[in-house]
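Student: Here's my sequence, what's the structure:
(one chain, ligands or ions: 1)
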Amino acid sequence: MQVPAPFEYQRVSSVGQAIVLLDRLGDTARLVAGGHSLIPMMKLRLANFEYLIDINDLHDELGYIVTEPRQIRIGAMTRHRELLESDALAEAFPIFRDAERVIADPVVRNRGTLGGSLCQADPSEDLSAVCTTLGASCVIRGLDGERVVPMEDFHRGPYETAVGDAEILTEVRFPIRPNGSSAYEKVERRAGDWAVVSAGVAVWLDGGVVADARVGLAAVGPNTAGIPGIAEALRGEPPSEELYARAGDIAKDACDPVTDRRGSAEYKRHLARELTIRALRRSVARINGQGA
Ligand SMILES: Cc1cc2nc3c(=O)[nH]c(=O)nc-3n(C[C@H](O)[C@H](O)[C@H](O)COP(=O)(O)OP(=O)(O)OC[C@H]3O[C@@H](n4cnc5c(N)ncnc54)[C@H](O)[C@@H]3O)c2cc1C
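Tutor: Okay, the predicted model is just below:
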């Protein structure tokens, strides 16, 4: 199948209007942001919806990157290209530019959004791994107002999120902590492809030892869940190759990949270990001013 089943289409001009429509139409309706995940699924008849509510006119309202002293707030309609090109974002969280450089191609990056990436909840979604790594929080708005959900609770399983039928993800918040940095590593079969495996790492140092560390792996489990055991193992230890290897071993044991056309489960475990080590090494080098 190369065309979707027939559907009704409505553009909205405010978040409030989108929520009212979603409330009226229930689970027969879906929001369409960049459309780069939803429309292919509808063309393949893996998803069928009677109504599509187009939120692209909300880019003025929901397309922003705001730096505050203690957090960065990013609107859900912010596109991949805007995330890639933001110097302020790259300075605070270099992991974003690392990841965006290897997400799809310019055509997809011109349209695809942060909100669509998180709400698609594909286990291979790179931005989900980035948000997990950075300990982000998701702002969800509905008829009764806003609620804030941590990344750990946002994904409920593959293609399932905490966003209800009459709700919209409006913003993602990233806490800024001192003396930290981050990096992203991905292995793909060819440029612009989905990950075979990817690993995000954020690490913070204090007095020459690891104060905290977070890891987000994509494509090796039902969601891009973090690995709290790595923080426990690294805290209080000075960075070293032995420590990176220990973190890699934990990542390898914690993940749950399946064998598919992208590779065997054994190969993906090997990648989870190796990419965690590389991203950790690069994050620490960045804190020490050793650049890219
Ligand atoms: C050829 C190709 C290659 C790709 N390669 C990669 C890759 O390497 N890595 C990667 O991570 N991704 C990749 N993608 C996916 C791409 O990043 C998409 O842009 C992204 O997954 C979805 O964003 P979107 O804005 O297009 O969402 P859409 O397709 O518009 O929506 C996806 C889902 O999210 C819901 N949704 C959207 N916005 C909201 C919101 N604000 N609130 C609530 N629900 C919402 C929609 O209803 C829908 O269910 C690729 C896509 C293509 C077509």
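
Student: Please count neighbours and contacts with C-alpha atoms only from this point.
Tutor: Will do.

Student: Show me what counts as buried in stretch 238-247.
Tutor: Buried residues in stretch 238-247, counting neighbours by 16 or more other C-alpha atoms under 10 Å, are found at 239, 243-247.

Student: for that stretch, what is the average pLDDT?
Tutor: Regarding stretch 238-247, the rounded mean pLDDT is 98.

Student: same thing with stretch 157-171?
Tutor: 96.

Student: neighbouring contacts of that stretch?
Tutor: 15, 19-23, 26-27, 62, 73-77, 115, 119-123, 138-143, 149, 153-156, 222-223 (C-alpha atoms under 8 Å, 6 or more residues apart in numbering).

Student: Now which of those residues would you call buried?
Tutor: Restricting these to buried positions leaves 15, 19, 21-23, 62, 73-77, 115, 119-123, 138-142, 149, 154-155, 222-223, with burial counted as 16+ other C-alpha under 10 Å.

Student: Which of the buried residues of stretch 238-247 sits closest to the ligand?
Tutor: For the buried residues of stretch 238-247, the residue nearest the ligand by C-alpha to the nearest ligand atom is Ala247; the value is 23.9 Å.

Student: Go ahead and confirm the closest one touches Glu232.
Tutor: No. Using C-alpha atoms under 8 Å as the test, Ala247 is too far from Glu232 to be in contact (9.9 Å).

Student: ok, longest strand in this protein?
Tutor: Looking across the chain with DSSP state E, the single longest strand is strand 195-206.

Student: For the stretch 101-250 of the chain, just list every one of the strands.
Tutor: Secondary structure of the stretch 101-250 of the chain by DSSP state E, counting those that start in this stretch: the strands cover 137-142, 145-150, 155-157, 160-161, 168-175, 180-188, 195-206, 209-218.

Student: ok, the third one: who's next to it in the sheet?
Tutor: Okay, so that is strand 155-157. strand 160-161 (antiparallel) (DSSP bridges).

Student: now, which of the buried ones among the contacts of stretch 157-171 lie close to the ligand?
Tutor: Within the set of the buried ones among the contacts of stretch 157-171, contact with the ligand (C-alpha under 6 Å from any ligand atom) is found for 76, 115, 119-120.

Student: Bridged to Ser182, which residues?
Tutor: Beta-bridge partners for Ser182, by DSSP bridges, are Ala202.

Student: what residues does this protein put near the ligand?
Tutor: Counting by C-alpha under 6 Å from any ligand atom, the residues of the chain lying close to the ligand are 30-38, 76, 103-104, 108, 112-113, 115-117, 119-120, 125-127, 168-170, 192-194.

Student: Buried ones from those, can you make that a ChimeraX selection?
Tutor: The following ChimeraX line selects those of those that are buried, judged by 16+ other C-alpha under 10 Å:
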select :30,31,32,33,34,35,36,37,38,76,103,108,112,113,115,116,117,119,120,125,126,127,168,169,170,194
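
Student: No further questions, thank you.
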